[in-house]
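Q: quick one, structure for this:
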Amino acid sequence: MAIHLFVHSLWQFPASHTPLLFKHAWKGWGFQLLFFFVKLKRLVLMFHVNTSSFPFGRRLPCDIYWHAVSFHDNVIYSGQVNKFPGMTEMTRKVNLSRAMRTMQELFPEEYNFYPRSWILPEEFAIFLTEVNLMKENNPRWKPTFIVKPDGGCQGDGIYLVKGPTEIRLMGNLQSRPAVVQEYMAKPFLIDKLKFDIRLYVLLKSLDPLEVYVAKDGLCRFCTEPYQEPSLKNLHQVYMHLTNYALNIHSGNFVHSDSGNTGSKRTFSSILGKLACSGVNIRKLWSDIISLVIKTVIAIVPELKVFYQSDIPTGKPGPSCFQILGFDILLMKNLKPILLEVNANPSMKIEHEQEVSPGVTQYIPSPVDEEVKVAVIRDTLRLVDPHKKKKKQQQQQEEEEEEEPAEQPSAELVELAAQDEESFFQEELENKPELGESPPPEAKPPAVCLKEVFPKYAKQFSYLRLVERIAALFIRFLGVKGTTKLGPTGFRMFIRNSKISNSGFSMAAGDILYIDITRRGIGPSMDQREAEQTEPAVGKTSKKCRVWERGCCVVAGNEK
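A: Model (predicted):
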């Protein structure tokens, strides 16, 4: 039985831009990988031998829908789609910072991997006051701040400042909201260069929560030797910003077919270098996995609200999965810091090269291919609908014969030695050179995506407080297919959560509701997405801040 995959693209391309095909076969697995990418949107796709693809549409239902930008790229009613409703909104810098701040207020020590952030323009006065207060308490403190536009990508619109007054002079915050963060001025350097890690994470399911982390990623290097920010170098983007889209235009950018050198390298090559210098790689991986799980836990509650809005309980609809790009910075002490989460990480496996003045050619990138092909290959393995049915049948048979599995220990995540070997050691040893095609008799490719949740669920269960509040919020919405909680639903929310039993009157609840909705009035998500992203088919629901502030009230009471 064939698996049907519908590839939806918002980009048109002329006949002269013929899609390029690369085929690799592994006899041990019994399937081929087919890499498909278009000149204007090089999205890597691959399929099983018995899989049919429909890049130009299909009337009949498909098993898997591969959308280009968001869940609403195409109207679908069944199968699986590679985007979650609301993911684009939740990974915007403002909404991500809100979600992380909520968790920082509840669990400050657990969420200290995200930089201190302020949302502009609404929190500019708070930002100014707090910075002045910190300077008064510590006159020697000379901070640098980085300003990131809410809907920006690829480094667009990012700049560094030494103080709040410089932000005020820019004067465009009303039309383009932004997040300002304390700049991490002491990063870990390799070859005197700053770099970040693009790590690929698969969110396979929201309920139950399933998360997979890729064993390998990409390290994107700056192209000028790093110096701590000063008035002289503040505007040198090739020194401070690691974005590939920026640094590729530097004359110092080095393309390399090897994952060990150049301005873009594999994370496994960096791990090998760190291991040789005596760094505890197991501890580093443990910290990174912890960061990923905690970040997902922070955004899942609101994703569930978006999900029920587009696919209400009891209504036929598709299931979802999504590949996310986590951008992580290593500090001098090797502590990982989350920079941002990308809902649509690039899956390009080629780069531009000027072969003659004014003539650009697209050259395959073995480094990108090595990492990204493995991620997509394993993603389609995991969401294979036929495999899922077989697995369910097998689990039912095993449950009848075997005893229940033991629960994991309550200790903080520390990868076991044997598990650690399977997680990264394969990337450090016995790896074929980049660009080499595996011989026909080669063994199957190693699994790239590793399950981290629910594998480590018990260690992080105490952090899932806001998810329980989200369940209450959804329960009292009243109207299916909405994210807005009305006044009646809000009163039921307070009453059933027993907040009123702790001295919080219903009259106070009504006043709180009015205050929240008044402060929550602003541009809808539809308007902002229309201005800052590609046009999409379908409708995105408005986001009501009753959810955010209501959660804080209940969380404070419950904690």
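Q: which helix or strand contains residue 250?
A: Under the criterion of DSSP states H and E, residue 250 resides outside all helices and strands.
Q: that one contacts residue 241, correct?
A: No. Applying Cβ atoms under 8 Å, one finds residue 250 not in contact with residue 241, separated by 10.7 Å. Yep, even glycine has a C-beta here, placed from its N, CA and C like the rest.
Q: these two - which one has more neighbours?
A: Neighbours were counted for residue 250 and for residue 241 using other Cβ atoms under 10 Å; residue 241 has more, 19 against 15.
Q: quick one, domains of this structure?
A: The chain breaks down by the TED database into domains covering 2-10+26-81, 87-387, 469-515.
Q: which residues of this protein score low on pLDDT?
A: Scanning the chain for pLDDT under 70 picks out 1-61, 69-78, 155, 168-175, 312-314, 316, 386-445, 477-483, 500, 519-559.
Q: longest helix of it?
A: Counting residues, the longest helix in the chain under DSSP state H turns out to be helix 281-310.
Q: correct me, but residue 369 touches residue 348?
A: No. Using Cβ under 8 Å, residue 369 is not in contact with residue 348, being 9.8 Å away.
Q: dump the longest strand seen in the chain to CSV, keeping only the CA atoms.
A: Determined from DSSP state E, the single longest strand within the chain is strand 193-205. Extracted in CSV, the C-alpha atoms of strand 193-205 (Å, rounded to 0.1, in the frame of the first residue of the first chain):
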residue,chain,number,x,y,z
LEU,A,193,35.0,33.2,16.5
LYS,A,194,31.6,33.3,18.0
PHE,A,195,29.1,30.6,16.8
ASP,A,196,25.7,29.2,17.6
ILE,A,197,24.1,25.8,17.3
ARG,A,198,21.1,25.1,15.1
LEU,A,199,19.6,21.9,16.7
TYR,A,200,16.6,20.2,15.0
VAL,A,201,13.8,19.1,17.3
LEU,A,202,10.7,17.1,16.2
LEU,A,203,7.5,17.8,18.1
LYS,A,204,5.7,14.6,17.1
SER,A,205,2.6,15.0,19.2
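Q: the next helix or strand after it: partners in the sheet, and parallel or antiparallel?
A: For strand 193-205, the succeeding helix or strand toward the C-terminus, using DSSP H and E, is strand 210-214. Paired strands of strand 210-214, with direction, are strand 193-205 (antiparallel), strand 449-453 (antiparallel) (DSSP bridges).
Q: picking that back up, nearest to residue 453, out of the domains of the chain?
A: domain 87-387 (3.9 Å; Cβ to Cβ).
Q: buried residues in the strand or helix carrying residue 271, which are they?
A: Here residue 271 is covered by helix 267-276, with elements defined by DSSP H and E. Buried residues in helix 267-276, counting neighbours by 16 or more other Cβ atoms under 10 Å, are found at 267-272, 274-275.
Q: surely residue 204 and residue 380 touch.
A: No. At 11.6 Å, residue 204 does not count as touching residue 380 under the criterion of Cβ under 8 Å.
Q: would you mark the buried spots in stretch 280-288?
A: Under the neighbour-count rule (16+ other Cβ under 10 Å), stretch 280-288 has 281-282, 284-288 buried.
Q: repeat for stretch 87-97
A: By neighbour count on 16+ other Cβ under 10 Å, the buried set for stretch 87-97 is 87-97.
Q: can you list the residues you listed in JSON lines and add secondary structure?
A: Below are these laid out as JSON lines (DSSP: H, G, I helix; E, B strand; the rest coil):
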{"residue": "87", "secondary structure": "helix"}
{"residue": "88", "secondary structure": "helix"}
{"residue": "89", "secondary structure": "helix"}
{"residue": "90", "secondary structure": "helix"}
{"residue": "91", "secondary structure": "coil"}
{"residue": "92", "secondary structure": "coil"}
{"residue": "93", "secondary structure": "helix"}
{"residue": "94", "secondary structure": "helix"}
{"residue": "95", "secondary structure": "helix"}
{"residue": "96", "secondary structure": "helix"}
{"residue": "97", "secondary structure": "helix"}
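Q: hmm, back to that, which of the buried residues of helix 267-276 sits closest to residue 295?
A: residue 267 (17.5 Å).
Q: hang on, that closest one packs against residue 200?
A: No. Look at residue 267 against residue 200 with Cβ under 8 Å: they stay out of range, at 10.0 Å.
Q: joint contacts of these two?
A: Between them, residue 267 and residue 200 share these contacting residues under Cβ atoms under 8 Å, 6 or more residues apart in numbering: residue 217.
Q: so where does residue 83 fall, helix or strand?
A: With DSSP H and E as the test, residue 83 turns up in no helix or strand.
Q: neighbours around it, how many?
A: When counting by other Cβ under 10 Å, one arrives at 24 neighbours for residue 83.
Q: residue 138 too?
A: So residue 138, with other Cβ under 10 Å, has 10 neighbours.
Q: from residue 131, how far off is it?
A: 11 Å (Cβ to Cβ, to the nearest Å).
Q: then residue 240?
A: Distance from residue 240 to residue 131, counting by Cβ to Cβ: 20 Å.
Q: between those two, point out the one with more neighbours.
A: Using other Cβ under 10 Å as the criterion, residue 240 and residue 131 rank with residue 240 on top: 25 against 19.
Q: which residues sit in contact with that one?
A: So residue 240 contacts 160, 183, 194, 222, 226, 229, 233-234 (Cβ under 8 Å, 6+ apart).
Q: most neighbours among the residues you listed, which one is it?
A: Counting by other Cβ under 10 Å, top hit in those: residue 222 with 27 neighbours.
Q: you'd agree that one is up against residue 236?
A: No. Using Cβ under 8 Å, residue 222 is not in contact with residue 236, being 9.3 Å away.
Q: what is in contact with these two at once?
A: With Cβ under 8 Å, 6+ apart, residue 222 and residue 236 have no common neighbours.
Q: I'd like the contacts of residue 240 as JSON lines, with distance to residue 293 and secondary structure appended.
A: Converted to JSON lines, those look like this (distance: Cβ to Cβ, whole Å; DSSP: H, G, I helix; E, B strand; the rest coil):
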{"residue": "160", "distance to residue 293": "30", "secondary structure": "strand"}
{"residue": "183", "distance to residue 293": "26", "secondary structure": "coil"}
{"residue": "194", "distance to residue 293": "26", "secondary structure": "strand"}
{"residue": "222", "distance to residue 293": "28", "secondary structure": "coil"}
{"residue": "226", "distance to residue 293": "30", "secondary structure": "coil"}
{"residue": "229", "distance to residue 293": "31", "secondary structure": "coil"}
{"residue": "233", "distance to residue 293": "36", "secondary structure": "coil"}
{"residue": "234", "distance to residue 293": "35", "secondary structure": "coil"}
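Q: quick check, nearest of these to residue 450?
A: residue 194 (27.5 Å).
Q: quick check: that closest one vs residue 187, distance?
A: Distance from residue 194 to residue 187, by Cβ to Cβ: 5 Å.
Q: mind checking the end-to-end distance for stretch 339-353?
A: Terminal residues of stretch 339-353 are spaced 29 Å apart (Cα to Cα, to the nearest Å).
Q: report the buried residues of that stretch.
A: 339-351.
Q: over to stretch 498-505?
A: Of all the residues in stretch 498-505, those buried under the rule 16+ other Cβ under 10 Å are 499, 504.
Q: likewise stretch 449-461?
A: Quick answer for stretch 449-461 (16+ other Cβ under 10 Å): 449-450, 452-453, 455-457, 459-460.
Q: quick check: end-to-end length of that stretch?
A: OK, stretch 449-461 end separation, Cα to Cα: 22 Å.
Q: for the residue nearest to residue 87 when sequence neighbours are not counted, give me its contacts.
A: Nearest-residue entry for residue 87: residue 343, 4.7 Å, with adjacent residues in sequence omitted and distances by Cβ to Cβ, 6 or more residues apart in numbering. Contact partners of residue 343, counting by Cβ under 8 Å, 6+ apart, are 70, 83, 87-88, 90-91, 322, 324.
Q: one more time with 10 Å, if that's ok
A: By Cβ atoms under 10 Å, 6 or more residues apart in numbering, the contact list for residue 343 reads 69-70, 83-84, 86-92, 153, 322-325.
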